[in-house]
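Asks: Below are the sequence and a predicted model for it; my questions follow.
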Amino acid sequence: MNSLTLRRPDDWHLHLRDGAALRSVLPFTAAQFVRAIVMPNLKPPVTTTEQALQYRERILAALPTGSRFEPLMTLYLTDRTDPAEVQRAKASGHIHGFKLYPAGATTNSGAGVTSIERVYGVLERMSELGVILQVHGEVTDPAVDVFDREARFIDGVLDPLSRRFAKLRIVFEHITTSTAVEFVRRAREGIAATITPQHLLMNRNQLFAGGIRPHHYCLPVLKTESDRRALLEMVANGNPRFFLGTDSAPHAKHAKEAACGCAGIFSAHAAIELYAEAFEAAGALDRLEGFASEYGADFYGLPRNEARITLTKEPWDVPASYPFADDVLVPLRAGEKMGWRLKP
């Protein structure tokens with residue numbers, strides 16, 4: 001196959017940052033996707049409807065001329081979130097969920113939830129109003145091995161939560177393990193998951209190929225080859241509970257190449273091409289459209305996009321870096337070749 005045409009996709013998990021950083025990275029996403037769920041972990045975090053609507057206006061103002069990209073906003077859950085905020089968010093028409101970050105789990109998550117019981121009132125109101133919960137699914141107990149934190153979260157938090165709030169719609173974001181695949185596959189109705197390109201394409205060996213690779217470090221961290229294969233096999237099967245969420249997370253080069261480097265992989269420059277590579281390797285290019293362009297919209301109750309994109313089998317060189325505010329960032333596959341290319 002030398003070309004592939006599919007419904008224009010959406011990104012159901014994206015970090016855009018703010019200010020000059022936002023203006024640097026937004027064009028990459030807007031060139032490929034019609035919509036994206038925008039993460040609220042700014043500094044300070046986006047915790048109220050008013051803040052989210054203001055952030056949305058900044059995103060729209062930063063769009064390239066002629067772009068029709070639509071940011072879908074989320075709010076950051078904290079121990080102090082007022083259940084009344086759920087009603088305000090729902091009424092806004094622009095906020096599509098609340099993000100659960102266990103405190104300390106990832107970048108800018110220090111204000112996150114310290115104990116799930118503290119937000120039961122908010123979750124109950126979300127369940128009543130049909131507002132979606134987006135979950136970063138890792139425990140943060142330092143005694144738990146970093147490679148086991150997703151599985152421990154499922155057993156200790158997510159499974160009990162899904163049972164207690166039986167009508168709450170949940171997206172288990174950026175899953176990384178066969179355990180998570182099986183949980184979502186067998187879960188009650190109303191539970192879905194996003195999967196990143198890096199977790200479909202790489203295992204944890206890539207963190208150490210020839211030395212420490214800081215630009216392959218993300219959270220949740222890359223897992224084993226058997227975990228990667230479990231993810232790939234599930235999306236190749238076309239299960240509608242699993243859909244595209246890049247978790248593209250830009251950081252300045254110096255913040256990644258540091259004694260204590262930031263977690264996050266920037267993939268927005270070639271997101272749909274990276275997914276095409278993964279699906280091609282699985283012999284499942286015919287399943288890419290559902291994963292990228294249909295299942296997520298269906299879960300969020302939004303119309304599928306009518307516009308189309310075309311990918312061509314055309315090698316191209318990924319730049320070593322891209323401008324990022326007053327610095328640069330290093331993208332996934334920097335200095336390497338990609339086999340698929342989005343046709344302008």
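Replies: Looks like it arrived, so ask away.
Asks: Can you show me the strands along the stretch 101-250 of the chain?
Replies: Counting by DSSP state E, counting those that start in this stretch, the segments of the stretch 101-250 of the chain that form strands are 133-135, 170-172, 191-195, 242-244.
Asks: Nearest to residue 218, out of those?
Replies: strand 191-195 (12.7 Å; CB to CB). Heads up, the C-betas are built off the backbone N, CA and C, glycines and all.
Asks: Show me what the closest one is packed against.
Replies: If contacts are counted by 3 or more CB pairs under 8 Å, 6 or more residues apart in numbering; DSSP states H and E, strand 191-195 sits against strand 170-172, helix 178-186, strand 242-244, helix 295-300.
Asks: now do 7 Å
Replies: Packed against strand 191-195, as judged by 3 or more CB pairs under 7 Å, 6 or more residues apart in numbering; DSSP states H and E, are the following elements: strand 170-172, helix 178-186, strand 242-244.
Asks: Any chance of TSV for those, columns mean neighbour count?
Replies: Below are the helices and strands packed on strand 191-195 laid out as TSV (neighbours: other CB atoms under 10 Å):
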stretch	mean neighbour count
strand 170-172	27
helix 178-186	19
strand 242-244	26
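Asks: What residues of stretch 246-256 count as buried?
Replies: 246, 247, 248, 249, 250, 251, 252, 253, 255, 256 (16 or more other CB atoms under 10 Å).
Asks: ok so, going back, please dump the helices and strands packed on strand 191-195 into TSV; it should also carry distance to residue 280 for every row.
Replies: Listed next are the helices and strands packed on strand 191-195 as TSV, based on distance: least, CB to CB, whole Å:
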stretch	distance to residue 280
strand 170-172	26
helix 178-186	20
strand 242-244	15
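Asks: of all these, which lies closest to residue 59?
Replies: Proximity to residue 59 (CB to CB) singles out strand 242-244 among these, at 19.4 Å.
Asks: what does the closest one contact?
Replies: With CB atoms under 7 Å, 6 or more residues apart in numbering as the contact definition, strand 242-244 has outside contacts at 9, 11-12, 184, 192-195, 234-235, 275, 291-292, 295-296, 299.
Asks: Dump the helices and strands packed on strand 191-195 into TSV; add mean pLDDT and distance to residue 207 as well.
Replies: Formatted as TSV, those follow (pLDDT from 0 to 100; distance: least, CB to CB, whole Å):
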stretch	mean pLDDT	distance to residue 207
strand 170-172	98	23
helix 178-186	98	19
strand 242-244	98	23
